[in-house]
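**Q** What follows is a protein structure lacking sequence information:
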């Protein structure tokens, strides 16, 4: 079967939506946006990334190599002061290339799967260490550990010593007998009597 070299009008719309859906599911990018690691305009930069990826995928008469797309994504994340070592750049680039090839064939199955997998709401949870917090840095081994975020909690995962709690709420200031407002330390809240 000969694969067309240009996208149909429907395929263009599907590809644009697929890029937005895929980048919207990339947890490293979403953390960078939420925490504004690239500055106040991080969200706009991420929107520009989607446009840049789209234009990179539809460039005429040039062979597309996944390594170049990985470099584009990696350079973008570095511009947000974010270094990605968890393999997600490779995964996102591979999925984008597959999505593009499927769109050329008129197959939108991967985009439909992304549509179906969108979570109903963006729930925020804060994971709090259940044990005592000691301020020593000796627990860290090499500093090369990478944290992987998941869209779902795995009930079989080992969360012993960890509890999920609501974000802390601001408490009313405490005024002592002399009329002074007592200010608690930001460190070790609740850790001292």
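**A** Received it, and whenever you're ready, just let me know what you need. As the structure is a computational prediction, the values presented were derived from the model and not from experiment. Residues are numbered from 1 along each chain as shown.
**Q** what helix or strand does residue 104 sit in?
**A** For residue 104, the element it lies in under DSSP states H and E is helix 88-105.
**Q** name the helices or strands packed onto the helix or strand that that helix is followed by?
**A** Using DSSP H and E, the helix or strand that follows helix 88-105 towards the C-terminus is helix 109-116. Packing contacts for helix 109-116, counted by 3 or more CB pairs under 8 Å, 6 or more residues apart in numbering; DSSP states H and E, involve helix 9-25, helix 88-105. Just so you know, the C-beta spots here come from the backbone N, C-alpha and C atoms, and that holds for glycine as well.
**Q** buried set for the shortest one?
**A** Judged by neighbour count using 16 or more other CB atoms under 10 Å, the buried positions of helix 9-25 are 11, 14-16, 18-19, 21-23, 25.
**Q** Let me have these in TSV, extended by distance to residue 87 and pLDDT.
**A** Formatted as TSV, the buried residues of helix 9-25 follow (distance: CB to CB, whole Å; pLDDT from 0 to 100):
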residue	distance to residue 87	pLDDT
11	28	92
14	26	94
15	24	94
16	26	95
18	21	95
19	20	95
21	20	94
22	15	94
23	16	95
25	15	93
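**Q** Now distance to residue 59 too, for these, in TSV please.
**A** Converted to TSV, the buried residues of helix 9-25 look like this (distance: CB to CB, whole Å):
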residue	distance to residue 59
11	15
14	18
15	13
16	15
18	17
19	14
21	21
22	19
23	19
25	24
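**Q** Select, from these, the two members most distant in space.
**A** 11 and 25 (20.6 Å; CB to CB).
**Q** show me what contacts residue 53?
**A** 19, 23, 69, 72-73, 96 (CB atoms under 8 Å, 6 or more residues apart in numbering).
**Q** Can you check the distance spanned by stretch 102-111, start to finish?
**A** In stretch 102-111, first residue to last residue: 9 Å (CA to CA, to the nearest Å).
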